[in-house]
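**Student:** Okay, sequence plus prediction incoming.
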Amino acid sequence: MNIVVCISSVPDTTSKINFTENNTKFDSNGIQFVINPNDEFGLTKAMVLKEALAGTVKVITVGDATTEPIIRKTLAIGADSAVRINKAATDSYTTALEIANYLKENPADLIIAGKESLDYNGGAVPAMIAEMLDLPFVNACNGLEIVGTNAKISREIDGGKENLSSSLPLVIGGQKGLVEESALRIPNMRGIMQARSKPLEVIEATTTEDLTTSISFEKPAEKGACKLVDADNVAELVRLLHNEAKVI
Amino acid sequence: MSVLVYTESWDGSFRKSTFEAASYASETAKLLGTEVVAISLGEVSNDELTKLGNYGVSKVVSCCTIEKGDSQAATNAIAKTANNASILIFSNTNTAKMIAPRLSAKLKAGIVSNVITLSESASPLKVKRQAFSSKAIELATVNTATAILAIAPNSFKLIETGGNCTIEEDLTNEKGAITIEGKETASGKISISEAEIVVSAGRGLKGPENWGMIEELAELLGAATACSKPVSDIGWRPHGEHVGQTGKAVAADLYFAIGISGAIQHLAGINSSKVIVAINTDPEAPFFKAADYGIVGDAFEVVPKLIEEIKQLRA
Ligand SMILES: Cc1cc2nc3c(=O)[nH]c(=O)nc-3n(C[C@H](O)[C@H](O)[C@H](O)COP(=O)(O)OP(=O)(O)OC[C@H]3O[C@@H](n4cnc5c(N)ncnc54)[C@H](O)[C@@H]3O)c2cc1C
């Protein structure tokens, strides 16, 4: 069972988001980067599957050299090897194409990505990889079991879940539920030591043609002051919601 | 040249988000001086399909044998119908997120997701989208001749045109490698991403046994119920109710935050809601900085009173 986990490096969820160069670029100054939370579930799931079925776990990222600490962290958590395609991920299509091109040369049985990256929230790369490789795809995947050469999968739908089955190879967009939050693995001392000698291959990117371009950014309008209503006067809140805000 | 809209159905019925996508497509078609063609997957009755006419669709292609959860078959069916469309519109639902990016790769058409505005011009196409979990709004443009836009639910008004649409059946029977075995859903649940009102509660409620009043308030308002992350992590509420940066995004007209502190990760996912009401015992709770209306008080006293007052208003 050869598993590839696609990793994206994103600002820590507590980050305040700012922009520079006349609001055209994300300001990474002072930002702590972390493994994209949706990808963390996928990485732990890959480790669990590898331990049960034998095989390898390789992580892959499209990113510049600043993403290497995040890659080392995935190796410390337990991935066997890593590939970094040297290009800032500026567009979903070129990011997916870089990964798909690599996977055409180095096929995997299971490709796990996160359902979306918590920076640009594009949510497009995993489905695009599947299309480029002509493979089945399940998004918002919150359950996965491998039985022989087949996968039993569940995905989140409104108000519940849908159960599916598929042949392998398969691409999934993972999220919470793939493993329990409490089961998420974090690096330990031994893992950190071992990670230093695990292979991290850097490949030059070949794609240049972005299908979309980011022009500029703005922050949402600030809220005015909160109107406080006395706890003994709940009727006043209802009146305000009805007459002033007109939402009930 | 036309505008194609994917009109998603659930057990044979359209929802508000479907009509939002159709309305958006119809406004976009005006910009291009063209018409809107819809594509529907799965079994949907003619009565239901005809409703699309009222939102500006002139023709709907109904592929009743294709299952929307089979992204390979769905993508091929839509690509076939899209042959002369220059813009493809989706509502950004869980299923659309499986299909729209596949189409982008197949047609080499740039995709923008979480779109919250119409483009001011047909060429270049420029739209605003939510990014950084609603902490920022990005202006993006598409560089290809064909564009795919996935619009955020609840960010675009319905526009009724009173028009009619014709129905064309497409009986192509295709199947990808996925088999859909079945689903487990609670019936009668209102979708959090589409709901106009969301009643959300946090750890301040002390335990799962106290959710009765939250459900009662939600039912009274026709609202969806939601919760903070720790509440779903400890199993008080189902995972599907978790909202925020790592859960579902909410863009409701009215959002009640009851016994939720207002951590940055929670606020990130819900702050596109138009009106926010916070109820919290702690006057220093960060939620009061993000709310429009607030009550400093005990949820166990305030919520029952709120239910009574709303009942009186309705009476
Ligand atoms: C990587 C990461 C991602 C995260 N993603 C999310 C996310 O997507 N969504 C999310 O919600 N959280 C998320 N969190 C967690 C977040 O940081 C907070 O811990 C969480 O939102 C707190 O939940 P809470 O407000 O229910 O609980 P608490 O912080 O415990 O707050 C409970 C509140 O209830 C109030 N209260 C107590 N008793 C009463 C009463 N009787 N009546 C009224 N009020 C009362 C208290 O004053 C307090 O403000 C994330 C955290 C991390 C690290």
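**Tutor:** Here it is on my side, so go on.
**Student:** burial of residue B:245, as a residue count?
**Tutor:** 23 (other CB atoms under 10 Å in any protein chain shown). The way it works is simple: take the backbone N, C-alpha and C, and place the C-beta from them, glycine included.
**Student:** What segments of the stretch 101-250 of chain B are strands?
**Tutor:** Using DSSP state E, counting those that start in this stretch, the strands assigned to the stretch 101-250 of chain B run over residues B:110-115, B:126-131, B:136-142, B:147-151, B:166-169, B:178-185, B:197-201, B:224-227.
**Student:** okay if I get those strands as a markdown table plus mean neighbour count and distance to residue B:274?
**Tutor:** Output for these, formatted as a markdown table (neighbours: other CB atoms under 10 Å in any protein chain shown; distance: least, CB to CB, whole Å):
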| stretch | mean neighbour count | distance to residue B:274 |
| --- | --- | --- |
| strand B:110-115 | 28 | 17 |
| strand B:126-131 | 21 | 14 |
| strand B:136-142 | 21 | 15 |
| strand B:147-151 | 28 | 17 |
| strand B:166-169 | 14 | 36 |
| strand B:178-185 | 14 | 28 |
| strand B:197-201 | 28 | 11 |
| strand B:224-227 | 27 | 15 |
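**Student:** Near residue A:221, how many other residues are there?
**Tutor:** When neighbours are counted by other CB under 10 Å, residue A:221 comes out with 7.
**Student:** Looks to me like residue A:215 is in a helix.
**Tutor:** No - the assignment for residue A:215 (DSSP: H, G, I helix; E, B strand; the rest coil) gives strand, which keeps it out of a helix.
**Student:** Confirm for me that it is in contact with residue B:124.
**Tutor:** No - using CB atoms under 8 Å as the test, residue A:215 is too far from residue B:124 to be in contact (9.6 Å).
**Student:** quick one: which helix or strand includes residue A:172?
**Tutor:** strand A:170-174 (DSSP states H and E).
**Student:** Give the residues shared as contacts by residue A:215 and residue B:124.
**Tutor:** residue B:141 (CB atoms under 8 Å, 6 or more residues apart in numbering or on different chains).
**Student:** follow-up on the earlier one: report the distance from the strand holding residue A:172 to the chain centre.
**Tutor:** Distance of strand A:170-174 from the chain centroid (CA atoms, centre = their mean, to the nearest Å) equals 11 Å.
**Student:** One more: stretch A:95-110?
**Tutor:** For stretch A:95-110, the distance to the chain centre is 17 Å (CA atoms, centre = their mean).
**Student:** buried set for that stretch?
**Tutor:** Buried residues in stretch A:95-110, counted by 16 or more other CB atoms under 10 Å in any protein chain shown: A:95-103, A:108-110.
**Student:** Just the ones of the residues you listed in strands?
**Tutor:** If you go by DSSP state E, the buried residues of stretch A:95-110 have residue A:110 in strands.
**Student:** any chance of the buried residues of stretch A:95-110 in JSON lines, with pLDDT and distance to residue B:47 too?
**Tutor:** Below are those laid out as JSON lines (pLDDT from 0 to 100; distance: CB to CB, whole Å):
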{"residue": "A:95", "pLDDT": "98", "distance to residue B:47": "43"}
{"residue": "A:96", "pLDDT": "98", "distance to residue B:47": "40"}
{"residue": "A:97", "pLDDT": "98", "distance to residue B:47": "43"}
{"residue": "A:98", "pLDDT": "98", "distance to residue B:47": "47"}
{"residue": "A:99", "pLDDT": "98", "distance to residue B:47": "44"}
{"residue": "A:100", "pLDDT": "98", "distance to residue B:47": "42"}
{"residue": "A:101", "pLDDT": "98", "distance to residue B:47": "47"}
{"residue": "A:102", "pLDDT": "98", "distance to residue B:47": "49"}
{"residue": "A:103", "pLDDT": "98", "distance to residue B:47": "45"}
{"residue": "A:108", "pLDDT": "98", "distance to residue B:47": "46"}
{"residue": "A:109", "pLDDT": "98", "distance to residue B:47": "45"}
{"residue": "A:110", "pLDDT": "98", "distance to residue B:47": "43"}
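**Student:** Confidence-wise, which of the strands of the stretch 101-250 of chain B is weakest overall?
**Tutor:** Among the strands of the stretch 101-250 of chain B, strand B:178-185 has the lowest mean pLDDT, at a mean of 92.
**Student:** and that strand, what other elements does it pack with?
**Tutor:** Helices and strands touching strand B:178-185, by 3 or more CB pairs under 8 Å, 6 or more residues apart in numbering or on different chains; DSSP states H and E, are strand A:160-167.
**Student:** again, only this time at 10 Å
**Tutor:** Contacts defined by 3 or more CB pairs under 10 Å, 6 or more residues apart in numbering or on different chains; DSSP states H and E place strand B:178-185 against strand A:150-157, strand A:160-167, helix B:71-81.
**Student:** Among those, which comes closest to residue B:187?
**Tutor:** strand A:160-167 (9.3 Å; CB to CB).
**Student:** is that closest one up against chain B anywhere?
**Tutor:** Yes - shown here: strand A:160-167 in contact with chain B (CB under 10 Å from any CB of the partner chain) through A:160-167.
**Student:** buried sites along that strand?
**Tutor:** A:161-166.
**Student:** ok, of the residues you listed, which one's closest to residue A:82?
**Tutor:** Among those, and counting by CB to CB, the member closest to residue A:82 is residue A:166, at 26.5 Å.
**Student:** Specify the beta-bridge partners of the closest one.
**Tutor:** residue A:151, residue B:178 (DSSP bridges).
**Student:** go on, the one 5 residues further on?
**Tutor:** The bridge-partner assignment for residue A:171, based on DSSP bridges, gives residue A:111, residue A:137.
**Student:** No further queries at this time; thank you.
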